[in-house]
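Trainee: Task: produce atomic coordinates for the following.
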Amino acid sequence: MPIHAFPTDTPHFVAVRTDRIGDLLCTLPALSMLRQNWPRCRITLVVRAPLAPLAQLAQQVDAVIAGDAADFRALQADCAIFFHADASLAKAAKAAGVPVRIGTFRGLARFTLPTHNVPRAANHTRMHEIEQTMRLLEPLGITYQQGPFNAADLYKLKVDDRTQVLPAWVGDARFKLLLQPLTGGSAPAWPLDRYLDVVKQLDPARFLVIAHGSAAEGEQIRAQCPGLLARPNVVAELGTLSLAQLAAVIDLADGVLGASTGPIHLGAALGRHTLALHGPGRGFSPVRWGPVGRRAEVLCIDRPTCEDCRRTRDCHCIREIGSDQVLKRVQAWAEPRT
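Mentor: Numbers count the residues shown, from 1 in each chain. Take a look at the predicted model:
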């Protein structure tokens, strides 16, 4: 049965999202809906420790806790919502006597850990991750029917601490394009030589390109496509930026380009021009994982699915996206408004 009221109008919600950047960002609109329905509530967000600096930018959240430090007895939550089915934390919430526990658990856990289990839609369904997270609010009597791409104003991210040390190039007057070419294996990636094709055709007098990624991804780029980092208008930030710095850099940038990764979702959430390059495979398609934002765009081959994606993540479909298609979108961002 839906829960329409708590003993007071100041319930304490503990939201658990202990996975990746994109997953966390797709959960923030649901937390905004909690705040809209209980304006005086408290919201504590439990995340993986490396993501805490990003979670702290969410204005609808009162406190952020790393998953390994979450003490449900001390938190005294009225409701725990497991947007990520973290069984160890769910067991702790149950042991602490949290009265309402909502989750998307499978197997025996769905009968033993939550008080309300919301079956998670399969990867092949045409349901965006934001819609998936909104479904976990239904046991609370909250139904969101506006569709995922109307949730752009519900992220409530604010990067307001500019005192941290940032690279000198953030003051460059050119159009600053953050490039996130690799995915760490989480999704199919567009070929590196295609990114080089695009960058070669961007006017160095108008565009500054910031190649971003982990240190390991930096080594991969240097080994497989050294010409990309050798371009005169490219600066490399490969394993050099903290997550807090990355958020500040994207907030100061003009556009973000790359495959389906956390920085793409962050660019969309911060209102930057964003272009995500997707394969249509189950679990990776833009229907499920496309960036949501007022200036977010997607390029994906119009095909129901891709067997290469499903089996190996070496997606031939994403390779069918042409460099000219990407170049046209990016150049349009820098055109003066009329």
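Trainee: pLDDT weak spots in the stretch 51-200 of the chain?
Mentor: For the stretch 51-200 of the chain, the stretches flagged by pLDDT under 70 are 122-125, 161-163.
Trainee: the strands in it, which residues?
Mentor: Using DSSP state E, counting those that start in this stretch, the strands of the stretch 51-200 of the chain run over residues 63-66, 79-82, 100-103, 116-117, 175-180.
Trainee: Let me have those in CSV, extended by mean neighbour count and distance to residue 304.
Mentor: Just so you know, the C-beta spots here come from the backbone N, C-alpha and C atoms, and that holds for glycine as well. Below are the strands of the stretch 51-200 of the chain laid out as CSV (neighbours: other CB atoms under 10 Å; distance: least, CB to CB, whole Å):
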stretch, mean neighbour count, distance to residue 304
strand 63-66, 16, 39
strand 79-82, 27, 31
strand 100-103, 23, 31
strand 116-117, 19, 30
strand 175-180, 24, 26
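Trainee: For these, give me CSV that also has distance to residue 187.
Mentor: Shown next, in CSV, are these (distance: least, CB to CB, whole Å):
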stretch, distance to residue 187
strand 63-66, 26
strand 79-82, 24
strand 100-103, 25
strand 116-117, 28
strand 175-180, 11
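Trainee: Quick one, which of those strands gets closest to residue 314.
Mentor: strand 175-180 (19.0 Å; CB to CB).
Trainee: Walk me through which strands the closest one pairs with, and which way each runs.
Mentor: strand 207-213 (parallel), strand 255-259 (parallel) (DSSP bridges).
Trainee: I'd like the next helix or strand past the longest one.
Mentor: Translated: strand 207-213. helix 215-224 (DSSP states H and E).
Trainee: can you check the last one too?
Mentor: In the C-terminal direction, the helix or strand that comes right after strand 255-259 (DSSP H and E) is helix 262-269.
Trainee: any chance you could map the helices in the stretch 101-250 of the chain?
Mentor: Taking DSSP state H, counting those that start in this stretch as the criterion, the stretch 101-250 of the chain carries its helices at 109-112, 129-135, 192-200, 215-224, 226-230, 243-252.
Trainee: what does the last one contact?
Mentor: Just to be clear, that refers to helix 243-252. Residues outside helix 243-252 that contact it (CB atoms under 8 Å, 6 or more residues apart in numbering): 21, 50-51, 53-54, 57, 157, 159, 161-162, 164-167, 170, 176, 178, 210, 212, 237, 241, 256, 263, 266-267, 270, 272.
Trainee: count of neighbours near the closest residue to residue 192 other than its chain neighbours?
Mentor: Once flanking residues are discounted, residue 192 sits nearest to residue 225: 3.8 Å by CB to CB, 6 or more residues apart in numbering. The number of residues packed near residue 225 is 17, by other CB atoms under 10 Å.
Trainee: Residue 190 is in contact with residue 225, correct?
Mentor: No - counting by CB atoms under 8 Å, residue 225 stays clear of residue 190, with 11.6 Å between them.
Trainee: Domain-wise, how is the chain divided?
Mentor: Domain ranges of the chain: 12-154, 168-333, per automatic domain parsing.
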